[in-house]
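Participant: coordinates only, sequence not included:
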C-alpha cells in the first residue's frame with residue numbers, strides 16, 4: 001500500500017506545450033524543412049529555458065539530445081509520431097536543445113509510424129538536420145546525444161550507426177527497451193534471420209568506438225551482443241517500473257513499456273542524469 005501511495009503522489013514533469021510557428025523557449029515546435037516543403041515530413045524541437053536569439057553574440061551554446069521514438073503501439077501509449085515522444089526531455093528538462101527526428105516514409109510525403117520507412121532518406125534527414133539545427137540554434141556539435149525508445153532504441157544503432165558519416169554526429173548514446181541485434185524481428189527483412197541480423201548489427205556497433213552508451217531496459221542478450229565490440233563505455237541501468245508506477249494501467253501510463261519514466265522523479269532518473277552529465281563532460 002505504501003508503494004501505491006508513493007506512486008499516486010508522484011508528479012510527472014509536463015512536456016512543453018506546442019507552439020505555432022518558429023521554435024520558442026519553453027515550447028515544442030513542429031518543423032518542416034525546405035527539402036520536404038508541402039509534405040507531412042517533420043521533426044519536433046524544443047529550445048532550452050535560457051535560450052536567446054542573440055546566442056551567437058553572447059558566445060552561448062547548448063548540448064543537443066536527439067531522439068527517435070517508438071512504433072505505433074497504442075497498448076503502451078506509443079503513437080509512433082514525433083509529437084508523441086517524451087524520453088529525451090526527461091533527463092535535462094529545459095537545459096538542452098531537444099529534437100525528435102522522423103522516420104521518412106517511402107513515398108517521401110509523411111513520417112512513418114511503424115519501423116523505418118525509407119532508411120536512406122531517414123539517415124539523410126539526420127545528416128542534414130542535426131548540423132543545421134546546431135548552426136541555427138546554438139547546438140554544440142561536440143555534445144550531441146542520440147537516444148531512443150523501443151523502435152527508436154533499435155534505431156540508435158540501426159540508423160545512428162548506419163554508416164561512418166552519421167555515426168560521427170554523436171557524442172554518446174542511450175537506448176531504452178530493445179536493442180539492435182538483441183532479438184529477431186520476424187517478418188522484417190532487416191531483422192531476420194537472427195544470425196544475419198546480428199552479424200549486421202555487430203558491424204554497426206563497431207562504430208561506437210568506446211563512446212558512452214547507456215542501456216536502460218536491456219537484457220542478457222544485449223550484454224552478450226556487446227561483449228566483442230564494446231570493451232568499455234557501456235552502462236546498464238535497471239528501471240523498476242512497478243516501483244515507479246505501481247499497477248498497470250494507471251493514470252500516468254498504460255503499460256510498463258513506456259518512454260515516460262524520465263518525467264518522474266526516481267533513483268533511476270537521477271543515475272541516468274548523472275550518466276548524461278558525465279558523458280557531456
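Facilitator: Ah, there it is. This one's a predicted model, so the numbers in the text were calculated from it and none came from an experiment.

Participant: next one: phi and psi at residue 213?
Facilitator: Note on residue 213: backbone dihedrals following degrees, to the nearest 10 are phi -130, psi 120.

Participant: quick one, strands of the chain?
Facilitator: Ranges of strands in the chain, per DSSP state E, are 17-19, 27-31, 43-46, 62-68, 72-73, 78-79, 97-100, 139-149, 172-176, 213-216, 234-237.

Participant: Report all helices and strands that the third one contacts.
Facilitator: Looking back up the chat, that one is strand 43-46. When contacts are defined as 3 or more C-beta pairs under 8 Å, 6 or more residues apart in numbering; DSSP states H and E, strand 43-46 packs onto strand 27-31, strand 97-100, helix 119-137. (C-beta placed from N, C-alpha, C; glycine too.)

Participant: Point out where this protein drops to low pLDDT.
Facilitator: Counting by pLDDT under 70, the chain has low-confidence residues at 1-10.

Participant: That one: helices as residue ranges?
Facilitator: 2-9, 55-58, 87-92, 119-137, 151-158, 164-167, 194-205, 220-226, 241-245, 267-280 (DSSP state H).

Participant: Rebuild those helices as TSV, extending it with mean neighbour count and distance to residue 77.
Facilitator: Putting those into TSV (neighbours: other C-beta atoms under 10 Å; distance: least, C-beta to C-beta, whole Å) gives the following:
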stretch	mean neighbour count	distance to residue 77
helix 2-9	11	17
helix 55-58	12	35
helix 87-92	24	12
helix 119-137	18	23
helix 151-158	28	14
helix 164-167	14	29
helix 194-205	16	27
helix 220-226	16	23
helix 241-245	18	12
helix 267-280	17	18
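
Participant: So for residue 27, which of these sits nearest?
Facilitator: Nearest of these to residue 27, taken as C-beta to C-beta: helix 87-92 at 12.1 Å.

Participant: and that closest one, how far out from the chain's middle?
Facilitator: 9 Å (C-alpha atoms, centre = their mean, to the nearest Å).

Participant: what's the nearest residue to residue 164 if we skip its chain neighbours?
Facilitator: The spatially closest residue to residue 164, leaving aside those adjacent along the chain, is residue 207, at 6.6 Å (C-beta to C-beta, 6 or more residues apart in numbering).

Participant: what about stretch 244-261, how long is it end to end?
Facilitator: In stretch 244-261, first residue to last residue: 8 Å (C-alpha to C-alpha, to the nearest Å).
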